[in-house]
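# Provided below are the primary sequence and the corresponding predicted coordinates.
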Amino acid sequence: MNHTHALTISKELAVTESQVRATAELLDGGATIPFIARYRKEATGSLDEVSIAGIRDSIERLKELDARRDAILKSLERNGHLTDALKEKVMAADSLPVLEDIYLPYKPKRKTKGMAAREKGLAELAEMIMEQNRINPVKEAQKFVGPETGVPSMEDALAGARDIIAELINEHEDARLRLRRLFLEKGIIRSHVAKGMEQRGVKYKDYFDWEEPARKAPSHRILALRRGEKEDVLSLTMAPPAEEALGVLEAIFVTGDGEDSEQVRTAAHDAYKRLLARSMETELRLKLKEKAEKKAIYVFVENLRRLLLAPPLGPKQVMGIDPGFKTGCKLACLDKQGKLLCHETIFPHMSKTKEKESYDTVKLLCDKYNIEAIAIGNGTAGRETEAFINAVEFNSTPLVVMVNESGASVYSASKVARDEFPDHDITVRGAVSIGRRLMDPLSELVKIDPKAIGVGQYQHDVDQVNLKQSLDDTVMSCVNEVGVDLNRASARLLSYVSGLGPALAENIVAFRNENGPFLSRESLAGVPRLGPKAFEQCAGFLRIPDGINPLDSSAVHPESYHVVDAIAKDLECTVNDLIYHQHVRKKIDLSRYVTDTIGLPTLTDIMAELARPGRDPRDSFEAFCFAEGIDKIEDLRPGMKLPGVVTNVTAFGAFVDIGVHQDGLVHVSNLADRFVKDPADIVRVNQKVTVTVLDVDIDRKRISLSMKDTLKNSNDKKVGKKKKKDVKTPKPAIKQPAGKGFNHPFRDALKGI
């Protein structure tokens, strides 16, 4: 990495140049972000994953800039334009727009009006007019009229000269820089409904006649407007007031008040309307799109992280139920490792006879397999199935939990599911997935494309490469933060461990199946194609709870085992003594073990692991129940206070599942009794909250909710338990007039993206 790039990145990210260089060197050496953040703190100055990812992305951006710079220099040299001064300007450009502005006058182009005018010899006339020495343009233009020049009239001569001037103005670096700044600071977004699209584009109704400053437009609105334009529903423009833009150009180029200056003014107006306005609007659109995409991806990433790190129930005997009415409910009984023990289909919602048969089947299976918890998918017939299960008189009552089943059908039809259960159909796989999600959400959700989980915002409208990179980073971060049980993890889960990937993950599983469980991290050396570099990257994130070495169950990296052994030797105790006896650990003087490669950050992490080896960073599992008697949208009425679970957080609010098969929207204006700029500051995915029903629209299946005056209950452990006043038999729901945030035109679209 050269000095300029290191300095640029350090200023952008507010880190030191040495941190940038160290991180870049580790990344070049094949180290992953989780590995660098966890095990190379001395080298990077304890940078976190966000900073490391930022350095990586900045390096890639600067590489793209360098590649474009090299291409431009080659083009300039090939066409005879390159001078020392021009090369210096190209090398000093710090962004693509600036670089392109420098290159624009020399860039090969299709034949333009200005080029045609130059071929007719009108450059001299344009130059005289541009000097604005109070010449008579009409008189001078007559000199260029004639068959030998191909200019038929004085008007044509002046028009040609203005075309040349307009192109010179368009290519002027300072003019473009000032206009770019004006567009960014004072640009106005305007949208209008396209002719004849009023009915087809009803979901964009709020934007049929819309106007707002571009710099203040929130990310979700920018993406919504762009989508409306893409669907030919909206006509969209982005520009500052024309008089201000023209004023910028006149201030630069019009230097007098004579007739020649009027020609320059006319050319400047033409340059703006025909060339600069389009170019600057394109740049503004791209700038706003990048900003909106960055925010949308951030929202998606944060939601996904919360979902992946949801509290696990842990190793229990679980029954997973994929509910349904006519097709029945699919049951799957799983052991504590998630292995399928049996499956069955029941029909509790068809008739009294079928209900009785289903009752007996569930009770029999729960007794036979010692079922400790029942996971019920929250889709169609979910609440009805929950009520049926709660009515069963078990010998030993299991915990009953509603589980978000978003993406379960995607998993059921995937290659991963087919490989896991080649002899079972998609209905069985779906029930298994629901049961496993309760036991360990992370292990199961990594098998599904994050875009199918249902926590994104305009995810199909953003750059898919950037989105995939961010989502992959997030999944890998979560997997490595939690750690993976080497002897129980699926190949899919192992593939996200630092340094592995699909091929090595498959090799680990095959080796485990052939040779039995791993007894130590050292035995990973026997896995085909898993070399020293891969071992270095992955070993600290793999756990062996019952291994030979007690440190194998912790996040202490094998490269640091010798430090723990030295501590134990100095204290004349065993490693187990260090783990299980706090009074022994208190005797440790960490400063004695600092070396050139292991500093206090790593030693502090080792001490934390000795205190709680293999600690799961996720919260403890807490059961949640929806309000009884509120099972469908028709049961709702304004004023009800109900428990719910946040399923998605967007830039304009949060969607909350209240157990009626249709998530309600808490608009950002109804999240708290104060102004909320970012909903993520108030709520997060999987958070238990109490909401008040504001409006219900049964026809359009829209529910408007509020969290004002109820936020204080959002972390109350009792949220979700039945309250008498919340479960009265409701009056029939009435279609209410839409309140603020109720008719957001994209909430339906969001549910499908």
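Cool, got the structure.
# Please make it C-alpha for all contacts and neighbour counts, starting now.
Noted.
# Run a quick check on Leu304 versus Ile448, I expect a contact.
No: with contact defined as Cα atoms under 8 Å, Leu304 does not count as touching Ile448 (11.8 Å).
# what about those two, which has more around it?
Neighbours were counted for Leu304 and for Ile448 using other Cα atoms under 10 Å; Leu304 has more, 25 against 20.
# Distance check, the more buried one against Asn686.
Distance from Leu304 to Asn686, counting by Cα to Cα, to the nearest Å: 10 Å.
# anything in contact with each of the two?
Residues touching both Leu304 and Asn686 (Cα atoms under 8 Å, 6 or more residues apart in numbering): there are none.
# Find the centremost residue of the protein, please.
For the chain, Ile297 is the residue whose C-alpha lies nearest the centre (Cα atoms, centre = their mean; 2.9 Å).
# Work out for me the element the nearest residue to that residue once chain neighbours are set aside sits within.
The shortest distance from Ile297 to any non-neighbouring residue, by Cα to Cα, 6 or more residues apart in numbering, is to Leu467 (6.1 Å). Using DSSP states H and E, Leu467 maps to helix 464-482.
# tell me the phi and psi of Lys41?
Dihedral pair for Lys41: phi -70, psi -30, per degrees, to the nearest 10.
# which residues of the stretch 501-650 of the chain fall in helices?
In the stretch 501-650 of the chain, the helices defined using DSSP state H, counting those that start in this stretch lie at 502-515, 532-538, 561-570, 575-580, 582-585, 600-611.
# I'd like those helices written out as TSV, with mean pLDDT and mean neighbour count added.
Below are the helices of the stretch 501-650 of the chain laid out as TSV (pLDDT from 0 to 100; neighbours: other Cα atoms under 10 Å):
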stretch	mean pLDDT	mean neighbour count
helix 502-515	95	16
helix 532-538	96	17
helix 561-570	94	15
helix 575-580	92	17
helix 582-585	92	14
helix 600-611	93	18
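# now these as JSON lines including distance to Cys625?
Formatted as JSON lines, the helices of the stretch 501-650 of the chain follow (distance: least, Cα to Cα, whole Å):
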{"stretch": "helix 502-515", "distance to Cys625": "38"}
{"stretch": "helix 532-538", "distance to Cys625": "39"}
{"stretch": "helix 561-570", "distance to Cys625": "45"}
{"stretch": "helix 575-580", "distance to Cys625": "38"}
{"stretch": "helix 582-585", "distance to Cys625": "39"}
{"stretch": "helix 600-611", "distance to Cys625": "35"}
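# Ok, which of these comes nearest Ser704?
Across those, Ser704 has its closest neighbour in helix 502-515 (43.6 Å, Cα to Cα).
# Just the residues contacting whichever helix or strand comes after the helix holding Leu467, thanks.
Downstream of helix 464-482, the first helix or strand assigned by DSSP H and E is strand 484-485. Outside strand 484-485, the residues that touch it by Cα under 8 Å, 6+ apart are 493-494, 497, 541-545.
# Give the other helices and strands that the helix or strand following strand 484-485 contacts.
Later in the chain than strand 484-485, the nearest helix or strand by DSSP H and E is helix 491-494. Applying 3 or more Cα pairs under 8 Å, 6 or more residues apart in numbering; DSSP states H and E, we find helix 491-494 packed against helix 502-515.
# just how off-centre is the helix it packs on within its chain?
The gap between where helix 502-515 is centred and where its chain is centred comes out at 31 Å by Cα atoms, centre = their mean, to the nearest Å.
# And stretch 568-575, by the same measure?
Mean C-alpha position of stretch 568-575 versus that of the full chain (Cα atoms, centre = their mean) differs by 47 Å.
# thinking again about what came up before, could you point out which of the helices of the stretch 501-650 of the chain sits nearest Met439?
Comparison of the helices of the stretch 501-650 of the chain against Met439 by Cα to Cα identifies helix 502-515 as nearest, at 20.8 Å.
# Name the next helix or strand downstream of the longest helix along the chain, please.
Using DSSP state H, we find that the single longest helix of the chain is helix 277-308. Using DSSP H and E, the helix or strand that follows helix 277-308 in sequence is strand 318-322.
# Can you list the buried residues in that following strand?
By neighbour count on 16 or more other Cα atoms under 10 Å, the buried set for strand 318-322 is 318-322.
# now stretch 35-52
So for stretch 35-52, counting by 16+ other Cα under 10 Å, buried means 35-47, 49, 51-52.
# Narrow these to those in helices?
Counting by DSSP H, these place 35-39, 41-44, 49, 51-52 in helices.
# now, among those, which is nearest to Lys677?
The closest of those to Lys677 turns out to be Ser51 (Cα to Cα; 24.0 Å).
# right, and that closest one touches Leu13 too?
Yes: judged on Cα under 8 Å, Ser51 makes contact with Leu13 at a distance of 7.4 Å.
# so where's this protein shaky on pLDDT?
Within the chain, the ranges that satisfy pLDDT under 70 run 710-753.
# Mind splitting it into its structural domains?
The chain breaks down into these domains under automatic domain parsing: 3-80, 113-298, 323-439, 502-611, 633-751.
# quick one: the third one to chain centroid distance?
Computed by Cα atoms, centre = their mean, the chain-centroid distance of domain 323-439 equals 31 Å.
# tell me the secondary structure for Met128?
helix (DSSP: H, G, I helix; E, B strand; the rest coil).
# how about it, what does it touch?
Contacts of Met128 by Cα under 8 Å, 6+ apart are Ile135.
# shift numbering so it begins at 19
Let's use 19 as the start, then, which means that last one is Met146.
# Leaving aside the residues adjacent along the chain, what's closest to Ile526?
Per Cα to Cα, 6+ apart, closest to Ile526 is Val545, 6.0 Å.
# How much space separates Lys386 from Val450?
Per Cα to Cα, Lys386 is found 18 Å from Val450.
# which of those two has more neighbours?
Val450 (31 against 10).
# Work out for me the element the more buried one sits within.
helix 444-457.
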